[in-house]
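K.L.:
Sequence plus predicted model, see below.
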Protein chains: 2
Amino acid sequence: MEEIKQYIDKHRDRFLEELFELLRFPSVSADPKYKDSVLKTADYVAQKLKDAGADKVEVCPTAGYPIVYGEKIIDPAKPTVLVYGHYDVQPPDPLELWISPPFEPTVRDGKIYARGACDDKGQFYMHVKAFELMMQTGTLACNVKFMIEGEEEVGSNNLGIFVKENKERLKADIVLISDTSMISMENPSLETGLRGLSYLEVEVVGPNRDLHSGVYGGAVANPATILAKLIASLHDENNHITIPGFYDDVVELTAEERKALNSAPYDEEEYKKDLDVEELWGEKGYSTFERTGTRPTLEVNGIWGGYIGEGAKTVLPSKANAKISMRLVPNQTSEKITQLFTEHFERIAPKYVKVKVTPHHGGEPVVTPTDSVAFQAAKKAITTSFGKEPIPTRGGGSIPIVALFEAELGIKTVLMGFGLDSDALHSPNEKYDIFNFYKGIETLPLFHKYFAELSK
Amino acid sequence: MEEIKQYIDKHRDRFLEELFELLRFPSVSADPKYKDSVLKTADYVAQKLKDAGADKVEVCPTAGYPIVYGEKIIDPAKPTVLVYGHYDVQPPDPLELWISPPFEPTVRDGKIYARGACDDKGQFYMHVKAFELMMQTGTLACNVKFMIEGEEEVGSNNLGIFVKENKERLKADIVLISDTSMISMENPSLETGLRGLSYLEVEVVGPNRDLHSGVYGGAVANPATILAKLIASLHDENNHITIPGFYDDVVELTAEERKALNSAPYDEEEYKKDLDVEELWGEKGYSTFERTGTRPTLEVNGIWGGYIGEGAKTVLPSKANAKISMRLVPNQTSEKITQLFTEHFERIAPKYVKVKVTPHHGGEPVVTPTDSVAFQAAKKAITTSFGKEPIPTRGGGSIPIVALFEAELGIKTVLMGFGLDSDALHSPNEKYDIFNFYKGIETLPLFHKYFAELSK
């Protein structure tokens, strides 16, 4: 530990400056106008891997944005850790809500504010610095491989192909990912599962053109109203989702598991105060942690139709649309849920309108076996670094590629994230605590050490 | 009639060219970026009134866009007709759905396609040409006054002030407006009433920022879902509006009135085919004409919230908004209905969210007495010009200033519109039939003639 801390202390400013440089690239994969920046970001990541001591560093082309690869093989007999991360970021809008510009990393109160500060640049870059640290102090305990992609925020469509075509190159014993959060630095935690994802767009079409709402209002169905009715019907009064068959494959937690999950510190007043809501809302019969970690949910991510500009326009819109996504838990599958939703939505749509359902990317739910060597190594690393055992948690978000890695490479994943719920991922004013950044660099080498020891 | 037709024939090309010139000004009052164009349009209208022979032509300033005034007093003993119209137009969006540019008038199949072709430039300009015709043929039968404003599409906020401050100048016996439609040129009709309007914006706010839908989905109410539930609740299964007290002041038509209204030609298959809908939708127990003309309605004009750009973004939106308007019938009042809606919406909003209701401009419903001299004059003019008596209809749209004129000037209004339902008002590819344009110029002088005769 001492040697690790000393190295970090000596290079802390440079580590931060390199991260700031990385954050300055507006690597927004969802919007083609940022294409050049995304590509430049890949080059920067490759350079940093080289500087840290990686071999065979390559910016691997795909049909979309490139995947950056690098490795250090010290001994084929030792276990191999495959580090995954992503250098692309969410779109920054709505821009007007950012206090400082999204691509000009700014420090306030010990936090780095920038799009991607936590998701995922701040987090994956800890691994690059941890790797440099282990190389420079001669303490590299496992072989290491890096696979940093540029399309996670848009569904990682080309990662699957890359993985399939590089099974030999990517051979490893565990995948290590930092893209999740801890309860807090005082209460470190470790993810034991992630929710899956099913994402769709729905379109409700009424008349073949926008109509004058005086001339036609009352005579024809208004697609915005019909869409509202369809969406409204998806949750009953207990906030249980009404799609037939939706819960069929859900595995309920055991009483013991629920107890462990609910033992994590939770202050409901603080939670509500942070969000500025008077009351919480969720599935009846479940606690907040269960609702976000162990239960499937359905959210409207976007809705639009008719005139949404300034002022008044008395139009009866021709159509209305919504983006809807569902978070899944084991053993639901993205394909089946997408199909159930589509069939249900088409069935409940009245004959006054036509509906169209278009699926986007999905992802499977995941549970990490807590008795595995890798999980035990992560647990020990955190216990040593934080002086406290991590609380087992279930993450609400989805990392679809975790299921992909298991299916294609036969490798499990350990999620060692150092973010916080307050990091405002996907929101304006995303941030990452500087303390957490360095704490991660401090903790990750211990994972490598214990993984090597426990694998013997 | 012969003299009228000859004059029109002689000058038909010029009439059309002047209208095209008027249509080329993008006089969009709702959007400040068109300000200069709106002002130039007022100047053009003033010039055309002068050219037609009006006196005391003035572009009268207001706190907003100016009102163009002009008059011809031939004999104080004769009745005075006050012509109202508006030179501003609806916004043209969505632009990509226009076949030819909205502000480049294009003729296809005998129809002029342009924003404002019917609403209201094509229609009010018929009065300017009818006036010129009467001046040139020495057949001006009544005194004429013109009041053409530039803010009808945004609520005519400054018209009321202008009217109040110019009661002497605007003294007249009838207001004449062309801003409505006929059933068809084969089945001419005359509006006997208009619906009123109440327009509001609602905002539903949940958490104080956009949230990651994985981290928080299931824990808090989604404003888009809550808005959908609130909107969905506004119509019951018979499409009857559920706001308490909403129908209290509605005057039902007598059996006779319903019979007359429903005697108008109506081909439901054609109606559905024109809109490309499989089924119509409306208040149970009423015909299509009754639903759009004699019953109050509620429409969502716009709805938006969350991420509505390209691709997927897994956000749980902080808020969701909608623009909602209601069409009113006698004796509902805009103020009372706006209040009922606001109170109801605030009351049904659950405590998981905060709602805000912001009223926009409103307007009162109107019924024209069919035994009046003015109505009889209009009826006779149409009968002479079309060779057929006009069918009495109830208009679905609102012209709020009609109630204003009665309240402030003590004058009733006759609505002699020559538009068609297919004109696509407020929609892309708005048009006005050239035949209708000339037919109006032909018919309007007859109104003046009979109004003078019947007023003796």
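P.N.:
On my side now, so go ahead.
K.L.:
quick one: buried residues of stretch A:359-375?
P.N.:
A:360, A:361, A:362, A:363, A:364, A:365, A:366, A:368, A:373, A:374, A:375 (16 or more other Cβ atoms under 10 Å in any protein chain shown). C-betas here are computed from N, CA, C, even on glycine.
K.L.:
What does the pLDDT read for the residue of the stretch 151-300 of chain A at minimum distance from chain B?
P.N.:
Nearest residue of the stretch 151-300 of chain A to chain B, counting by Cβ to the nearest Cβ: residue A:214, 2.9 Å away. Residue A:214 is assigned a pLDDT of 87 by the prediction.
K.L.:
Doesn't it belong to a strand?
P.N.:
No: Residue A:214: not assigned to a strand; according to DSSP: H, G, I helix; E, B strand; the rest coil it is coil.
K.L.:
which residues touch the residue of chain A positioned farthest from its centre?
P.N.:
For chain A, the C-alpha lying farthest from the average C-alpha position belongs to residue A:215; by Cα atoms, centre = their mean, that distance is 47.6 Å. The neighbourhood of residue A:215, defined by Cβ atoms under 8 Å, 6 or more residues apart in numbering or on different chains, consists of B:181, B:292, B:395, B:396, B:397, B:421, B:425.
K.L.:
before we move on, what about residue A:294?
P.N.:
Contacts for residue A:294 were tallied using Cβ under 8 Å, 6+ apart; they are A:193, A:253, A:261, A:286, A:329, A:394.
K.L.:
Please flag which of those residues sit within strands.
P.N.:
A:193, A:394 (DSSP state E).
K.L.:
now the strands for the stretch 251-400 of chain A?
P.N.:
A:297-306, A:315-316, A:319-328, A:354-359, A:366-367, A:391-395 (DSSP state E, counting those that start in this stretch).
K.L.:
Could you identify the longest helix within chain A?
P.N.:
helix A:2-24 (DSSP state H).
K.L.:
Would you mark the buried spots in stretch A:389-408?
P.N.:
Neighbour counts over stretch A:389-408 (16+ other Cβ under 10 Å) mark A:390-405, A:408 as buried.
K.L.:
Which one of the buried residues of stretch A:359-375 is nearest to chain B?
P.N.:
For those, the nearest to chain B is residue A:360 (4.6 Å; Cβ to the nearest Cβ).
K.L.:
and that closest one, how far is that from residue B:450?
P.N.:
Using Cβ to Cβ, to the nearest Å, residue A:360 is found at 65 Å from residue B:450.
K.L.:
And for residue A:421?
P.N.:
In this structure, residue A:421 and residue B:450 are 76 Å apart, going by Cβ to Cβ.
K.L.:
Likewise for residue A:409?
P.N.:
89 Å.
K.L.:
neighbour-wise, which of these two wins?
P.N.:
The neighbour count for residue A:409 versus residue B:450, taken as other Cβ atoms under 10 Å in any protein chain shown, is higher for residue B:450 (21 against 17).
K.L.:
check contacts around that one.
P.N.:
By Cβ under 8 Å, 6+ apart, the contact set of residue B:450 is B:376, B:377, B:380, B:381.
K.L.:
For those residues, pick the one with the most neighbours.
P.N.:
Counting neighbours by other Cβ under 10 Å, residue B:377 comes out on top of these with 27 neighbours.
K.L.:
Please name whichever of the strands of the stretch 251-400 of chain A is nearest to residue B:144.
P.N.:
Nearest to residue B:144 among those is strand A:315-316 (34.1 Å), distances taken as Cβ to Cβ.
K.L.:
what about residue A:85, which SS state?
P.N.:
Using three-state DSSP, the structure places residue A:85 in strand.
K.L.:
What distance do you get for the closest residue to it other than its chain neighbours to residue A:148?
P.N.:
Nearest residue to residue A:85 in three dimensions, chain neighbours excluded: residue A:124, at 2.6 Å (Cβ to Cβ, 6 or more residues apart in numbering or on different chains). Here residue A:124 is placed at a distance of 6 Å from residue A:148 (Cβ to Cβ).
K.L.:
what touches both of those two?
P.N.:
Common neighbours of residue A:124 and residue A:148 (Cβ under 8 Å, 6+ apart) are A:83, A:84, A:85, A:86, A:87.
K.L.:
returning to what we had before: show me which of the contacts of residue A:215 is closest to chain A.
P.N.:
residue B:397 (2.9 Å).
K.L.:
Who are the contact partners of the closest one?
P.N.:
When contacts are counted by Cβ under 8 Å, 6+ apart, residue B:397 is found next to A:212, A:214, A:215, A:314, B:180, B:194, B:195, B:327, B:425.
K.L.:
By neighbours, which of these wins?
P.N.:
residue B:194 (32 neighbours).
K.L.:
Verify the stated contact: that one with residue B:403.
P.N.:
No: the criterion here is Cβ atoms under 8 Å, and residue B:194 misses it with residue B:403 at 9.1 Å.
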